[in-house]
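Undergrad: I would like the atomic coordinates for the input below:
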Amino acid sequence: MELKFILESLLFSAQKPLSPRELRDLLNAAAEQSEDTAVKAFKKLKEEELVAALEQLAHDHEAAKRSYRLTCIAGSWLFASTPEFSPWIKVLVGEKARPTRLSQPALETLAIVAYRQPLTRAEIEQIRGVAVDGVMQTLVERSLVEQVGRADAPGRPGTYGTTQQFLEYFGLRSLEDLPDADELRRIPLKKPETLVTADAEANPAPKEEVSLETAEAAPGTPAAAAAPESPAAPPTAPAASPENPATN
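TA: Numbers count the residues shown, from 1 in each chain. Down below sits the predicted model:
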C-alpha cells in the first residue's frame with residue numbers, strides 16, 4: 001500500500017488540518033496497535049519521506065483538476081475546495097462571518113514585523129516614521145503578532161514577531177512564502193544610544209483608530225513602503241479683540 005494513499009485517507013477523515021508530525025504519530029500509533037507487517041512498515045518513517053508523499057499527493061490532485069486540492073497552510077495539511085465552487089458551497093454550509101478588515105496602518109505595521117522580525121516597537125517606528133502603539137495593540141489582540149523575546153539593548157525592550165494565526169490569516173505555508181520585499185529588508189535600524197527609561201508596554205500611547213473600510217492587502221504589498229503620516233498642524237492662536245486683548 002502506498003504511503004500517499006494512507007495519508008490521503010487520514011486527511012480525508014480528519015476534522016482539522018494535520019501537521020507532518022501529527023501524521024507521523026498516527027502512523028506510529030497504528031503500527032504499535034497492529035500485527036500487520038504492512039502497517040508496521042511505516043512505524044519509523046522519516047518526516048522528509050512523509051512530506052515528499054504529501055507533496056506528490058498534492059500534485060496528483062492538482063493534475064486531476066478536481067473540485068478540491070490538498071494544500072498546506074501554516075505547516076499543516078488539509079483538503080480545501082477550489083474558490084470557483086464557493087457560490088454553491090456557501091448555500092450548503094453557510095458563510096462564516098469574516099473578521100474585521102485590517103486598516104492600512106495595521107497592514108503596513110504587520111508587513112514590517114513579518115519581514116524584519118524579531119524587532120522592537122522603537123525599530124518599527126523607525127521604519128514607519130510614526131508611533132505604532134495603537135496599531136500594535138490591535139495586531140496583538142487579533143493574534144497576528146506576539147512578543148517573542150527581549151532585545152539585547154538598554155531597558156531590554158520586548159521584541160515582536162508574527163504568529164501561527166498570521167500564516168493562517170494570509171493562507172501561507174510558512175514565512176518563506178512571503179512575497180519578495182528587498183527594499184523593506186534593507187532599511188537600516190539604529191540602536192538606541194541612551195538608556196531606555198521605561199518599556200513601551202508600560203506606558204502605551206493612545207490607541208490608534210483602525211479603519212474598517214480599508215481593503216485587505218498581502219503583507220508584501222507596496223503598503224509597507226508608504227510615506228509616514230503628516231503630523232497634525234498646531235492650533236492657531238485666537239485673534240486679538242477688545243473683548244479678548246492679546247497678551248505678551
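
Undergrad: what ranges do the helices span in the protein?
TA: Under the criterion DSSP state H, the chain contains helices at 3-13, 20-33, 37-40, 47-64, 86-93, 104-116, 121-128, 133-141, 164-170, 182-186.

Undergrad: With respect to burial, which of these scores highest?
TA: Compared across the helices of the chain, helix 104-116 shows the largest average neighbour count, a mean of 24 (mean count of other C-beta atoms under 10 Å). For glycine as for every other residue, the C-beta is placed from the backbone atoms N, C-alpha and C.

Undergrad: per-residue confidence averaged over that one?
TA: What helix 104-116 shows for mean pLDDT is 93.

Undergrad: Give the other helices and strands that that helix contacts.
TA: Applying 3 or more C-beta pairs under 8 Å, 6 or more residues apart in numbering; DSSP states H and E, one finds that helix 104-116 contacts helix 121-128, helix 133-141, strand 158-162, helix 182-186.

Undergrad: can you list the domains in this protein?
TA: 3-93, 104-225 (automatic domain parsing).

Undergrad: Geometric centre of this structure: which residue is closest?
TA: Geometric centre of the chain, nearest residue: residue 166, 1.9 Å, by C-alpha atoms, centre = their mean.

Undergrad: which stretch in the domains of the chain is the model least sure about?
TA: Among the domains of the chain, domain 104-225 carries the lowest mean pLDDT, a mean of 75.

Undergrad: my guess is the residue nearest to the centre of the chain meets residue 144, correct?
TA: Yes: Residue 166 sits in contact with residue 144 when judged by C-beta atoms under 8 Å, with a separation of 4.7 Å.

Undergrad: shared neighbours, those two?
TA: By C-beta atoms under 8 Å, 6 or more residues apart in numbering, residue 166 and residue 144 have these common neighbours: residue 110.

Undergrad: wait, which of the helices and strands packed on helix 104-116 is closest to residue 39?
TA: Closest to residue 39 of these, according to C-beta to C-beta: strand 158-162, at 38.9 Å.

Undergrad: and for the closest one, what are the contacting residues?
TA: With contact meaning C-beta under 8 Å, 6+ apart, strand 158-162 is reached by 110, 113-114, 117-121, 124, 136, 144-151, 175, 199-201.

Undergrad: Residue 4 versus residue 140, what's the distance?
TA: Counting by C-beta to C-beta, to the nearest Å, the separation of residue 140 from residue 4 is 40 Å.

Undergrad: swap that for residue 62, please
TA: Noted for residue 62: a distance of 14 Å to residue 4, by C-beta to C-beta.

Undergrad: ditto for residue 122
TA: Distance, residue 122 to residue 4, using C-beta to C-beta: 49 Å.
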